[in-house]
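Novice: Here you go, sequence then predicted model.
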Amino acid sequence: MPVDLRAAIRGALDVAAPPVAPARIRARAALRLRSLERGRSRSLLTAAVLTALLALCVGGNGGFAVSTAVAAIPAPAPSPAAT
Amino acid sequence: MHSWESQLRAIEAARGGDGAALDALLREIWPHAYRIGLSILRNPAAAEDAAQEACARVVMAIAGLRSSAAFGVWFYRLVVREALAIERRVRACDPLDPQTLASASPLTDALVRIDVLRALGALPAHQRAVVALHFYADLNSREIASVLRMPEGTVRYHLSLARRRLEALLASHRPRPLTEVLFDAG
């Protein structure tokens, strides 16, 4: 005998849903929105900091140049194994 | 398909920022979100979580929805996406949850329900979504393809596989005593 899948599945899903709480759903949505906004402002802040650092390094602000800074780094001492 | 056309006015009002219309819409969509979640997750608590998350997404984004006529597909997409995300996080779902049993009456209905939920559990999660959208939400394969963002041929393939599997599993169904079902679950 063929199975009436539609009836079987609809019957199985014909359960009483728990009571809906629109206020709780709105609160959840507000929480999600706040966390989205926090994430967005954090990304903006990070981007601003990176841009400022890049401007400092590349722009030669105050005579600072990357090549000078790299040249000023002391050479590491030779490792004991190399001697 | 659930007649979203009858909700067009409420959807329009909710898109326009009418709080009362949004609450009415949430009450209307809530049971559908819960039942589709239940068919994918087979666990009432997880289904409620998926429904809440999908409804929260509706609240967040309904103002930006391009057209009220697109609401049905958009809403089902949110529900399925949340349910599948929960399914990936929580693999162990117990279809014999006491809440599921308690919500069913009489007892034979509860046993048939458990058998169907168990048969659904034998399918991969995305096939459960296809089955729920086809048999519960009454969507055709083109609409399901749009909800799940997959080719229509793939939807038909999954639907055919799922149908064969479910028919085979449910054909052997016989109402069993509750003790047998519970011991079987352990």
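Specialist: Right, received. Where do you want to start?
Novice: who in chain B is up against chain A?
Specialist: B:22-23, B:26-27, B:30-31, B:34-35, B:38-39, B:44, B:48, B:51-53, B:55-57, B:59-60, B:100, B:103-104, B:109, B:112-113, B:116-117, B:120, B:131-132, B:135-136, B:163, B:166-167, B:170-171, B:173 (Cβ under 8 Å from any Cβ of the partner chain). C-beta: built from backbone N, CA, C; applies to glycine.
Novice: For chain B, which helix or strand comes out least confident on mean pLDDT?
Specialist: helix B:98-102 (a mean of 51; mean pLDDT, DSSP states H and E).
Novice: What helices and strands are in contact with the longest helix anywhere in chain B?
Specialist: Counting residues, the longest helix found in chain B (DSSP state H) is helix B:19-41. On a contact count with 3 or more Cβ pairs under 8 Å, 6 or more residues apart in numbering or on different chains; DSSP states H and E, helix B:19-41 meets helix A:5-13, helix A:22-58, helix B:8-15, helix B:44-61, helix B:71-89, helix B:125-131.
Novice: what do you get if the cut-off is 10 Å, keeping everything else the same?
Specialist: If you count contacts as 3 or more Cβ pairs under 10 Å, 6 or more residues apart in numbering or on different chains; DSSP states H and E, helix B:19-41 packs onto helix A:5-13, helix A:22-58, helix B:8-15, helix B:44-61, helix B:71-89, helix B:107-121, helix B:125-131.
Novice: Return the distance of it from the chain's centre.
Specialist: Remark: helix B:19-41 is offset 10 Å from the chain centroid, using Cα atoms, centre = their mean, to the nearest Å.
Novice: which parts of it are buried?
Specialist: For helix B:19-41, burial by neighbour count (16 or more other Cβ atoms under 10 Å in any protein chain shown) applies to B:21-26, B:28-41.
Novice: okay, and for the chain, where does confidence drop off?
Specialist: Unless you meant another one, I'm taking chain A. By pLDDT under 70, the low-scoring segments of chain A are A:1, A:59-70, A:80-83.
Novice: my bad, the chain I had in mind was chain B
Specialist: Counting by pLDDT under 70, chain B contains low-confidence ranges at B:1-3, B:91-112, B:173-186.
Novice: Go ahead and flag the most central residue of it.
Specialist: B:Ile36 (0.8 Å; Cα atoms, centre = their mean).
Novice: Pretty sure that residue sits against B:Leu120.
Specialist: No. Contact criterion Cβ atoms under 10 Å: B:Ile36 and B:Leu120 do not qualify, at 11.7 Å.
Novice: where do the contact lists of these two overlap?
Specialist: A:Leu13, B:Arg128, B:Ala132 (Cβ atoms under 10 Å, 6 or more residues apart in numbering or on different chains).
Novice: so can I have TSV of those showing neighbour count?
Specialist: Converted to TSV, the shared contacts of B:Ile36 and B:Leu120 look like this (neighbours: other Cβ atoms under 10 Å in any protein chain shown):
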residue	neighbour count
A:Leu13	23
B:Arg128	25
B:Ala132	26
